[in-house]
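Asks: The sequence isn't on hand, but the structure is:
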């Protein structure tokens, strides 16, 4: 599932905070790793500068791989690309058949030759490949224990599209021993009649029973694999509730689904996924559903 991991770099130290996450995944999935950076100029001296940077980055990546006990068979290569950064990243992701695009979601403040956060948003909108976005450096305690993923949150909405991230979360949990938390948030929808608001979904026992039954149905086969799974139904603004739950319950990764059409600038994000991507500091894995 994560046989090859692609890491776009912009030459900044901020972009390299993904290295421990990559090393952890590569150690557990024996993933091949490719580091890439993109130059808008094809000048020879510029290409040499970028190659020098990637040589340094490969050294740091090797150190992380060794620290996390990745097998010696794990391959590590790099490439300097030329042209538009987003388009080149998308192209090499296809050429390499990347199983995961892993990058920092925050850009630099002019530190690198292009703003990674801005490019991340473009790539995310255009690719159908899984992407993991890292918001901040891993906690020192997690690095020392070599356990970056202890709890994975999977928001669900009862749809096939909403379950697109589930298989990735289960694969990660099986390899890392992480606990899984399945959550569905019901919005406080009210109908309005002649006498004003007259309906609250919180009061609808049939809806609550249906949601709990659905979550149990999804959790059952996961539990049969020996994984620890919890299910939670909450009420309120979905994005806010999901982010708040993640921060208060020690979640290390939110695995969330979205869908849309391929092509730069054409991706249609679900509103909840979009808000999760732009809020909080918990890493996010985005899986793109094939369902339109």
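Replies: All right, it came through fine. The structure presented is a predicted model; accordingly, all values stated were derived computationally and were not measured. Numbers count the residues shown, from 1 in each chain.

Asks: Was I right to think residue 282 contacts residue 246?
Replies: Yes. Counting by C-beta atoms under 8 Å, residue 282 touches residue 246, with 4.7 Å between them. For the C-beta atoms, the positions are set from N, CA and C on the backbone; glycine is no exception.

Asks: The two: which is more packed in?
Replies: residue 246 (24 against 20; other C-beta atoms under 10 Å).

Asks: Next one: the more buried one from residue 139, what distance?
Replies: From residue 246 over to residue 139 the distance is 14 Å, taken as C-beta to C-beta, to the nearest Å.

Asks: Same check on residue 80?
Replies: 32 Å.

Asks: Then residue 25?
Replies: When residue 25 is compared with residue 139 (using C-beta to C-beta), they lie 17 Å apart.

Asks: Ok, residue 274 next?
Replies: For residue 274 relative to residue 139 (C-beta to C-beta), the value is 26 Å.

Asks: pLDDT below threshold where in the stretch 151-292 of the chain?
Replies: Where the stretch 151-292 of the chain drops to pLDDT under 70, the residues are 188-203, 259-270, 291-292.

Asks: what about the helices in it?
Replies: Counting by DSSP state H, counting those that start in this stretch, the segments of the stretch 151-292 of the chain that form helices are 166-176, 205-223, 238-248, 271-277.

Asks: So for residue 14, which of those sits nearest?
Replies: Between residue 14 and those, the shortest gap by C-beta to C-beta is with helix 271-277, which sits at 17.4 Å.

Asks: wait, doesn't residue 276 sit right on residue 255?
Replies: No. Here residue 276 lies out of contact with residue 255, judged by C-beta under 8 Å, at a distance of 10.6 Å.

Asks: per-residue confidence for residue 119?
Replies: pLDDT recorded at residue 119 is 81.

Asks: State whether it is indeed within a helix.
Replies: Yes. Counting by DSSP: H, G, I helix; E, B strand; the rest coil, residue 119 is located in a helix.

Asks: Okay, it and residue 133: tell me how far apart.
Replies: 12 Å.

Asks: Residue 79 now?
Replies: With C-beta to C-beta as the criterion, residue 79 and residue 133 are 21 Å apart.

Asks: who has more neighbours, the two?
Replies: residue 133 (22 against 17).

Asks: circling back: common neighbours of residue 276 and residue 255, please.
Replies: Contact criterion C-beta atoms under 8 Å, 6 or more residues apart in numbering; residues shared by residue 276 and residue 255: residue 284.

Asks: picking that back up, more neighbours, residue 25 and residue 139?
Replies: Each of residue 25 and residue 139 has its neighbours counted (other C-beta under 10 Å); residue 25 has more, 26 against 11.

Asks: ok but the more buried one is inside a strand, no?
Replies: No. Using three-state DSSP, the secondary structure at residue 25 is helix, not a strand.

Asks: ok, it - contacts?
Replies: Counted by C-beta under 8 Å, 6+ apart, residue 25 has contacts 2, 5, 31, 100, 102.

Asks: Just give me the closest of these to residue 93.
Replies: So of those, ranked by how close each gets to residue 93 (C-beta to C-beta), first place is residue 100, at 9.5 Å.

Asks: pretty sure that closest one contacts residue 5?
Replies: Yes. Under the contact definition of C-beta under 8 Å, residue 100 touches residue 5, with a separation of 5.0 Å.

Asks: Those two: which is more packed in?
Replies: Set side by side, residue 100 and residue 5 show more neighbours around residue 5, with 26 against 22, by other C-beta under 10 Å.

Asks: For residue 120, see how far away the more buried one is.
Replies: Per C-beta to C-beta, residue 5 is found 15 Å from residue 120.
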